[in-house]
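Undergrad: build me a model:
(chains A and B)
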Amino acid sequence: MHGVIGLDFGTTNTLCAWMDGDIPVIIPNDRGERATPSVVARADLGELLVGSSARSQALADPRSALFGVKRLLGKTRTVDVAGSTSAPEDMAAAIIGKVRHDAERYLGFDVDRAVITVPARYSDPQRRAVRDAAARAGLKAARIMNEPSAAALARAWASARDEAERLVLVYDFGGGTFDATVLRARGGSCAVLASEGDDALGGMDIDTALYQHVADRFGKQFGIDPDADAYLSRLLVDLCEKAKIELSTRDEAVIAVPFLRGAGGLVHPSVKISRADFERIAAPFIDRSLALVERVLAMAGARSSDLGALVLSGGSSRIPLAQNRLSDMIGLKADPRVNPEEIVALGASVEAARMEGRLSGLSFTDVVSRTFGLEIEGGKFVPLIRKNEPLPSSGRRIFTTVEDFQRSVELHVLQGDEPAAKDNVSVGRFLLPGIRMASKGEPRIAVEFAIDESDMLLVRARDMDTGAEQSIAVFDGALDARSPQDRVLALAQIARREADGLKLDVALSAELDELLKAAGSCAGDDEKAAMTATLLEGLLSEFSARTTISAIPATEAAGTRGGAAAKVTR
Amino acid sequence: MSERTMYLTLGLEPGSPSAEIKRAYRNLSLKLHPDASRDPRTAQRFAVVARAYEALLIIDRGRLPAAAHRLLDGERVDLFSEGTILASNPDSERRRAAASRLGLSGKRSAWVFLRKGLYDADQRVVEACVRAAAVLGLAQGAAEIAGAYERAGPALRDAMLDTARATADGLFKATLETASHDADLRRRTIATRLLSELRA
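TA: The predicted structure is shown next:
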C-alpha cells in the first residue's frame, strides 16, 4: 500500500499528518513528539542527527548544528555545518527524510508522495529547492501548497456543515514567516481572495530580540557577554524561546544560567522577564504583522467588520498580545479548539486525501501567490499575471521591438513585485527568432502567460504580423528541475486542455493520443518520460500556432505599443 | 506540373524512391483528405497532391529500383534517433537524410528537432528541414523558416521558393513576405506573385 501524507516543513518544526478515514491526524515521530524540530546537527563521528537529538547536540556543540534551514533554501548554495559544507537542500532532505521514515513506521506502509506546504510568499527558486529537498529524501512533492491555504482547507473540512457564507482571515505567524490570507468560505468550498506576507518575519525574530534584551542584562548586571561565547549564546537563545512560550500562559518567566565565570569569580545570573517586558519587545513584530493584515483586507476589498471567522496558525499566533491586538482590530476570536501549530499540517493531509480521491464535497480555489512578468527596455519590469488573481489565470500583452530591423527578441521571465527587473527573481529566458524585418516599434509581438493549479507557468510569444509566428516556453519554477515523470504528466495535462476546442486533423489527433498514452505509461522509466515530454512540447507548440491570440483588445495593443518594448538581442 | 514540382508537392527530394513517395502521400492524405481534415480549404491542395502522386507512380515504374532503400513502407521512424543524427552526425549527407525521414514520420512533434536543423552549416540540410516542415503540414515554425531564408545563400533561397510554390502552404507566408523584399528582382517577383496567390 502507498499513501500520500501532508507535510508542514517549518522553520522551527516539521509536522506530518495523514487522513485517517475522514479525520486528519498528526503522526507522532519516533520519540512520540507531535512536532520534529527542524534542526540538523553533525555528531563527532560524522553521524547526522535530526530533530530533538540535534537540538540537544546543539547545546553541547553549537557550531555542529543548523537551525532554520528553511530560510536558506533557494537563497544560498552551501551552508557550513560542523566545518563541512553541504547544500541546504541536503540538510532539509535529512529532516524530511526522518519525518518520512517515522511516518512509514507509524502508518505501516510506504510513503513516497506528499503535499508539502510553503509560505505563500515563497519565490520560485525557493519552491524548487523544497521540491528538490523532498526528492532527495525520496519523497515526491505531489503538490506544493501555500501554508495559509492549507490552514483554510483544514478549517473548511472541519466546518463543512457551516452553510453560511463567511469571509475568513487566516493569520499565519510561524517560526520564520508570516502570511495573512482572506478567503470566502461556504460549507466545504472555499476560495482565496488575497494573500500577503513577509518571509522574514517570524517567531525566530522575536527570540532574537528577546535574546538581545537578556544578553544586555547579563552584561550590565553580571559582567558577562554571551555573544562572546557560542555555547552560552546558543543556550540563551534556547531559553529565550522557552521563556517566550512560557509567557503565553504566565505573567513572568525566569532565564537563569548558574555557575558562570564572571569578572569576580562564579556568578549565577538570573533574569526575570515580565509579560510587559516581553510585549514591549514583541510589539514591533506584531505591529508589522497587523499592518499586513490591513493590507490584505484592502486587497480583498473587505473591511475588518466583514470578516466572519478567524483562523490562527503558527506557534507565534499564540502570543496573547498578538491575539488581543488582532481581536481588537477585527472584533473576532479564534476557534479555541484549533491548534495553531498543527493546522497547516492537517490541511496538507486533507489536500493529500483529496488528491488520492478519498474525499468529496470539498472544493478549493487558490490564487496566484506571485506576480510574473517580463523585462522590457531599460531594465523595467512589466507584470502579466498579478498576485492574487484566481487560479488558473492568464495575462496577455503586446510588445514591440526597440531597434530597426531587429531579428529576434529575448524574453526574460521574472517573478516579483518590484518595478526594476533586477530586483525581481529570474525564472527563465527564451529567444523568439524570426521577427519580421521592420522599423523599430512596428512588429507586434503578442505574449501570453498562463498559470494552472499545478503551479506551472506557460509562456507564449508570437509575431502577430507574420500571422503564424509563435514560440513556446514552459516553466514551472523550472520545469527542468522537476523529475521527468512529473514533467511529462504536467505537459500531458496541458496538451489535453489545449487540444480541447481546437480543430485537429486525423493525423494530429492520432499523434496526440499516442503521446498521451505514452505519457501515462512512463512510470519508472525516466528516459521514456523525458523523451515523451520533449515530443509533447513540440506538439504543444503546434497547438499554440493553431490558436489565435487575436483575443487581445485592439485598444490595449495600441496603448502598450511602442511604450513597452521587449529587450533587444541581435 | 514538372516532375521536379511533383516531388516537391509531396515534400520530397526529386528522385526519391517509390517507398518514400507512398509514405509521403499517405502522411499528406491524413492531413488533407476531405475525410480526415476538418478544414474545407485543404481539399484543393489535396487534389494537387493526389495528381502529383499518381503521376509519380507511373514515372517511377519505368525506373530501376533504387540502389539503397531509405525508408521501408510501414517502417516506423524513431524520432529520437533521427533527431540525434540531425543534431550531431558529422556526415552532412546523413543529417540531410535524417531530416527527410523526420518529415516522412508524419509526426508534427518532430519539429523540436527540425527547428534546430534550420541552423545547420550545410545549406542542403537546411533545405531538407524546410521540406520536411512542409510535408508535415506544420502550422508552427513559419517565422523560423522565414529567418532561415534571411540567412540563406542564393541557391537555398531558390530551393525554398520552389518548395513554397509546390506546396502552396500557408506555412510559407512569412517566408514569402521576407522574400518580397529580396535584393534580387527575380526572387522578389516570384515571391510577390506567390504571396498574392496565397492570399486569394
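
Undergrad: which non-adjacent residue is nearest B:Asp35?
TA: Once flanking residues are discounted, B:Asp35 sits nearest to A:Val506: 8.0 Å by CB to CB, 6 or more residues apart in numbering or on different chains. C-beta here means a position set from N, CA and C on the backbone, and glycine is covered the same way.

Undergrad: residues contacting that neighbour?
TA: With contact set as CB atoms under 8 Å, 6 or more residues apart in numbering or on different chains, A:Val506 has these partners: B:Leu30, B:Lys31, B:Asp35, B:Ala36, B:Ser37.

Undergrad: what residues does the helix or strand of chain B with the lowest mean pLDDT touch?
TA: Taking mean pLDDT, DSSP states H and E as the measure, the helix or strand of chain B with the lowest value is helix B:42-61, at a mean of 79. Under the contact criterion CB under 8 Å, 6+ apart, helix B:42-61 has outside partners B:1, B:3, B:5-7, B:9-10, B:17-18, B:21, B:25, B:28-29, B:31-34, B:37, B:167-169.

Undergrad: so what pLDDT did the residue nearest to B:Asp35 get?
TA: pLDDT for A:Val506: 80.

Undergrad: so in terms of bridging, what pairs with the most centrally placed residue in chain A?
TA: For chain A, A:Val118 is the residue whose C-alpha lies nearest the centre (CA atoms, centre = their mean; 3.1 Å). Beta-bridge pairing of A:Val118 under DSSP bridges involves A:Asn146.

Undergrad: mind checking how far it is from A:Gly223?
TA: Applying CB to CB, to the nearest Å, the value for A:Val118 to A:Gly223 is 45 Å.

Undergrad: how about A:Leu489?
TA: A:Leu489 is 64 Å from A:Gly223, by CB to CB.

Undergrad: likewise A:Arg143?
TA: On the measure of CB to CB, A:Arg143 and A:Gly223 end up 54 Å apart.

Undergrad: between the two, which one's more packed in?
TA: A:Arg143 (20 against 13; other CB atoms under 10 Å in any protein chain shown).

Undergrad: pretty sure that one is in a strand, no?
TA: Yes - membership of A:Arg143 in a strand is supported by DSSP: H, G, I helix; E, B strand; the rest coil.

Undergrad: which of the helices or strands spans whichever residue of the stretch 51-200 of chain A sits closest to chain B?
TA: Residue of the stretch 51-200 of chain A nearest chain B, by CB to the nearest CB: A:Arg128 (23.9 Å). In this assignment (DSSP states H and E), A:Arg128 forms part of helix A:124-136.

Undergrad: likewise for A:Ala54?
TA: Residue-wise, A:Ala54 maps onto helix A:52-60 under DSSP H and E.

Undergrad: try A:Ser327
TA: If you go by DSSP H and E, A:Ser327 is part of helix A:320-330.

Undergrad: if I pick residue 79, what's in contact with it?
TA: Using chain A. A:Val79 is in contact with A:Leu66, A:Val69, A:Leu72, A:Thr85, A:Ser86, A:Ala87, A:Pro88, A:Met91, counting by CB under 8 Å, 6+ apart.

Undergrad: could you do chain B instead?
TA: B:Leu79 makes contact with A:Leu535, B:Leu102, B:Ser105, B:Lys107, B:Ser109, B:Ala110, B:Phe113 under the criterion CB under 8 Å, 6+ apart.

Undergrad: what's the domain layout of chain B?
TA: The record's domain parsing of chain B by automatic domain parsing lists B:3-61, B:79-199.

Undergrad: so of those, which one's packed in deepest?
TA: domain B:79-199 (a mean of 21; mean count of other CB atoms under 10 Å in any protein chain shown).

Undergrad: and that domain, what's its mean pLDDT?
TA: Taken as a whole, domain B:79-199 has a mean pLDDT of 87.

Undergrad: that one: end-to-end distance?
TA: Start-to-end span of domain B:79-199 (CA to CA, to the nearest Å) is 34 Å.

Undergrad: contacts for stretch A:237-255?
TA: A:55, A:58-59, A:203, A:206-208, A:210-211, A:214, A:236, A:257, A:270-275, A:278, A:315, A:318-320.

Undergrad: how close does A:Gly223 sit to chain B?
TA: Taking CB to the nearest CB, to the nearest Å as the measure, A:Gly223 falls 72 Å from chain B.

Undergrad: stretch A:59-79: which residues count as buried?
TA: Neighbour counts over stretch A:59-79 (16 or more other CB atoms under 10 Å in any protein chain shown) mark A:61-62, A:64-67, A:69-74, A:79 as buried.

Undergrad: correction: the previous question concerned stretch A:234-254.
TA: A:234-241, A:243-248, A:253.

Undergrad: how about A:Leu374: what's its closest non-neighbour residue?
TA: Once flanking residues are discounted, A:Leu374 sits nearest to A:Val382: 5.4 Å by CB to CB, 6+ apart.

Undergrad: from chain B, how far out is the one you found?
TA: As for A:Val382, its distance to chain B is 22 Å (criterion: CB to the nearest CB).

Undergrad: that residue: what secondary structure?
TA: A:Val382 is classified as strand under three-state DSSP.

Undergrad: count of residues packed around it?
TA: By the criterion of other CB under 10 Å, A:Val382 has 20 neighbours.

Undergrad: in this structure it contacts A:Gly373, no?
TA: Yes - counting by CB atoms under 8 Å, A:Val382 touches A:Gly373, with 5.0 Å between them.

Undergrad: where do the helices of chain B begin and end?
TA: B:3-9, B:18-32, B:42-61, B:79-88, B:92-104, B:111-117, B:123-136, B:142-151, B:154-167, B:173-179, B:185-199 (DSSP state H).

Undergrad: what sits against the residue most central in space within chain B?
TA: Closest residue to the average C-alpha location of chain B: B:Arg131 at 2.1 Å, with CA atoms, centre = their mean. Neighbouring residues of B:Arg131 by CB under 8 Å, 6+ apart: B:Leu8, B:Gly11, B:Leu12, B:Glu13, B:Ala99, B:Ser100, B:Gly103, B:Thr163.
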